[in-house]
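> A structural model of the following input is requested.
(chains A, B, C and D)
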2 protein chains.
Amino acid sequence: MVTLKQLAKELNVSISTVSKALNNSEEIGEETVRRVKELAELYNYTPNKVALSLKQNRTKTIGVIIPDILNHFLAKVLFGIEREATQRGYNIMTCISNESLEKEKKALEVLANGSVDGFILCVAEETQIKNEVNHFKKTMSQGLPIVMFDRVAHDVFCDKVIVDDFDATYSATKRLLSENRKKIAFFSSIDDLSVGKLREHGYKKAILEDANQDILLLKVKKEDDYQEKIEAFFKANKNIDGVLAADSASGIIAVNTALHLGLRVPEDISVIGFASQSVSQHSIPKLTTIRQHAKQIGASAADLLIKRLEKRHDEELEFKTTIVKTSLVNNQSTLNKII
Amino acid sequence: MVTLKQLAKELNVSISTVSKALNNSEEIGEETVRRVKELAELYNYTPNKVALSLKQNRTKTIGVIIPDILNHFLAKVLFGIEREATQRGYNIMTCISNESLEKEKKALEVLANGSVDGFILCVAEETQIKNEVNHFKKTMSQGLPIVMFDRVAHDVFCDKVIVDDFDATYSATKRLLSENRKKIAFFSSIDDLSVGKLREHGYKKAILEDANQDILLLKVKKEDDYQEKIEAFFKANKNIDGVLAADSASGIIAVNTALHLGLRVPEDISVIGFASQSVSQHSIPKLTTIRQHAKQIGASAADLLIKRLEKRHDEELEFKTTIVKTSLVNNQSTLNKII
DNA sequence: GTGAAAGCGCTAACAA
DNA sequence: TTGTTAGCGCTTTCAC
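Numbering: from 1, shown residues only, chains lettered A, B, ... in the order given. Below you'll find the predicted structure:
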């Protein structure tokens, strides 16, 4: 990499003259500016990012901590973050916590040494289970803002971007009820997560308060064979005519299992799941899905953080919680709406 | 962040003493070392990463350029890269090229200003179509090593990690032939990619040279409705009894479509696809899949790059191409092997 | 055993 | 209009 020093030497001017010329300072003569810019162009000069960061005490880099990059929703949020950040001149450093509290702490520490200006993160499962928040507070007290998305720690005051999980499953369940379904089950492999709990509550509210039916839960563990579990559940609970699936896999597998058992979808049984567009094609009929608008969640999170990073120092900025509404994409695993 | 300066002031010693004490230099007295370390501990001192980078002229950061983070295979490679890098004390800056040559160039430029010590990347689709390689060469000539994985540019001399795509589809096709299949089709939505071409060649070789059957290709575009296309293809080409799917979606959809059309899988038709473990569960029977060991690909790529970054300056290191062998996971969408 | 000083590449206040 | 200087935080050589 060519430096200001080298340009200065070659042009027989001082370093600061070169610097000012390149930054279009009014101070420098037209002719000099021209000469400097020409040589800079020729040598493909770009300011050294590290030196700039040191000088300006900010890196224009955002630390992103994701629990699981293989989760399609989280990957999509990352995509949204990256796009928004890039557009606004920020880079992202990505760490994967693997749902582990220890790794999450480590990632915060490693990046809080001047590498990044702030964090966007989704709280790890273990962290949520243990309800640990000190590492977040500590990081923020060091002057590094945090934006949490999807799974958030309620006891931490920071910007947040969340999904209306409760409303989403509440309305989806009502949707199944409007098809006159009498025995609606709820499948989940994420009942340890804050969002998993919210989704379950939405279902329960609709079932108990609006329909006076019984709750019917299937909780699957990540290491289970979903197909086996779901098939066994269908066999143990006859006449299930509706399924609401809280995670991305069990909706598709529910449809395929129902078909496998000779049921007609959606005539005999109606299924709604949380899934991406691509995964919703993995069943015939295609799965009716709750879309979370992951990209927009990512973009909003990046926007909130960058706004905070770029506010004037004297300016106060209240912590904000943005709710990104889900939408229901009607495919063929449900009937046309009746009510 | 507390700095050496502040510690020095508080301890009434010089900055260099503090620095040396913290770095366990022999020069400094035992007692001083103790005092310094105590205060550093108390204030939670960590060296400023940016200052270190500037001083040492290396960032311990790897730039990763991924064409599509929503592609499960690529996300998994990223996972492997991140893990290996973290273990070895490196951070990663992630950019997404979105399969665009322009963005790929931009990402290289943006990060080649001192932000990273080297790159790991998978060539964008547009770049492969236009066969453009100058931006890679330019980056390398600036002293930034590149490691390419999966889709590589053959005209660029650098470290590479690739999959044995040709062998994988060749053997998979032979596997179908060994089940005595007489009409084997090849589904692909990635025939623009280097790996897509290799996979097609592997299939063709087995069909033409080993079986003397006819080639039967279905090429799907990303924006197509896969279900429609595949169903139409099955209807237009009766008696297909084997499918080899080159991308991650069409295998699953092939199984589900076959079932939907009343065929028995694997009795009437046998299907093999490229897919992850989780996606292979999206059909009943589960899809027999070619596993690419994405995590290991990522880990190998990171290893190659870090080795190069950490070699002594006088040391020569030849460019290396690592081939990560695929393996076939036998699920129930194929018969038990006959031959 | 400890400290002063230089320097990594850059910007900006101040001097000329 | 241009140059000198200080300083961001750190390591390291060289004096003391």
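> Can you tell me the SS state at A:Ile207?
Put simply, A:Ile207 is helix when judged by DSSP: H, G, I helix; E, B strand; the rest coil.
> got a list of what the residue nearest in space to the middle of chain A touches?
The centroid of chain A falls nearest to A:Val77 when counting by Cα atoms, centre = their mean (3.7 Å). Neighbour list for A:Val77: A:66, A:122, A:149-150, A:294-295, A:297-298, A:301 [criterion: Cβ atoms under 8 Å, 6 or more residues apart in numbering or on different chains]. For every residue, glycine as well, the C-beta is placed using N, CA and C.
> In helices, which of these fall?
For the contacts of A:Val77, membership in helices holds for A:294-295, A:297-298, A:301, with DSSP state H as the criterion.
> just to revisit the earlier point, restrict the contacts of A:Val77 to those near DNA strand C?
Restricting these to those within reach of DNA strand C (Cβ under 7 Å from any atom of the strand) leaves nothing.
> between those, which is nearest B:Ser14?
Closest approach to B:Ser14 among the contacts of A:Val77 (Cβ to Cβ): A:Ile66, at 42.7 Å.
> hang on, that closest one packs against A:Val123?
No - counting by Cβ atoms under 8 Å, no contact exists between A:Ile66 and A:Val123, whose distance comes to 10.7 Å.
> if we can go back for a sec, got the ones in helices among the contacts of A:Val77 as JSON lines, with neighbour count and pLDDT columns?
Conversion of these to JSON lines gives the following (neighbours: other Cβ atoms under 10 Å in any protein chain shown; pLDDT from 0 to 100):
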{"residue": "A:Ala294", "neighbour count": "24", "pLDDT": "97"}
{"residue": "A:Lys295", "neighbour count": "19", "pLDDT": "97"}
{"residue": "A:Ile297", "neighbour count": "24", "pLDDT": "98"}
{"residue": "A:Gly298", "neighbour count": "28", "pLDDT": "98"}
{"residue": "A:Ala301", "neighbour count": "29", "pLDDT": "98"}
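> Let's have those residues in JSON lines, adding distance to A:Val243.
Formatted as JSON lines, these follow (distance: Cβ to Cβ, whole Å):
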{"residue": "A:Ala294", "distance to A:Val243": "23"}
{"residue": "A:Lys295", "distance to A:Val243": "27"}
{"residue": "A:Ile297", "distance to A:Val243": "25"}
{"residue": "A:Gly298", "distance to A:Val243": "29"}
{"residue": "A:Ala301", "distance to A:Val243": "31"}
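> A:His313: which element?
Element membership for A:His313, per DSSP states H and E: none, as it lies in no helix or strand.
> Can you give me the neighbour number for it?
When neighbours are defined as other Cβ atoms under 10 Å in any protein chain shown, A:His313 has 4 of them.
> Pull up the gap between it and A:Glu30, please.
35 Å (Cβ to Cβ, to the nearest Å).
> Repeat that for A:Lys197.
Distance of A:Lys197 to A:Glu30, given as Cβ to Cβ: 66 Å.
> can you check A:Leu218 too?
Counting by Cβ to Cβ - A:Leu218 and A:Glu30 are separated by 75 Å.
> More neighbours: which of the two?
Using other Cβ under 10 Å, the more surrounded residue of A:Leu218 and A:Glu30 is A:Leu218, with 22 against 8.
> Secondary structure class of that one, three-state.
The three-state label given to A:Leu218 by three-state DSSP is strand.
> Could you give me the buried positions within stretch A:223-231?
The neighbour-count check on stretch A:223-231 (16 or more other Cβ atoms under 10 Å in any protein chain shown) flags A:226-227, A:229-231 as buried.
> For chain A, which residues are neighbours of DNA strand C?
Contacts of chain A with DNA strand C, taken as Cβ under 7 Å from any atom of the strand, map to A:1, A:3-5, A:15-16, A:19-20, A:22-23, A:27, A:45, A:47-48, A:51-52, A:54-56.
> run the last query once more with 6 Å
A:3-5, A:15-16, A:19, A:23, A:47-48, A:51-52, A:54-55 (Cβ under 6 Å from any atom of the strand).
> Any chance of CSV for these, columns pLDDT and secondary structure?
Listed next are the residues of chain A next to DNA strand C as CSV, based on pLDDT from 0 to 100; DSSP: H, G, I helix; E, B strand; the rest coil:
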residue, pLDDT, secondary structure
A:Thr3, 96, coil
A:Leu4, 96, helix
A:Lys5, 96, helix
A:Ile15, 96, helix
A:Ser16, 95, helix
A:Ser19, 96, helix
A:Asn23, 93, coil
A:Pro47, 97, coil
A:Asn48, 97, coil
A:Ala51, 98, helix
A:Leu52, 97, helix
A:Leu54, 97, helix
A:Lys55, 97, helix
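> out of these, which touch chain B?
Among the residues of chain A next to DNA strand C, the residues lying close to chain B (Cβ under 8 Å from any Cβ of the partner chain) are A:47-48, A:51, A:54.
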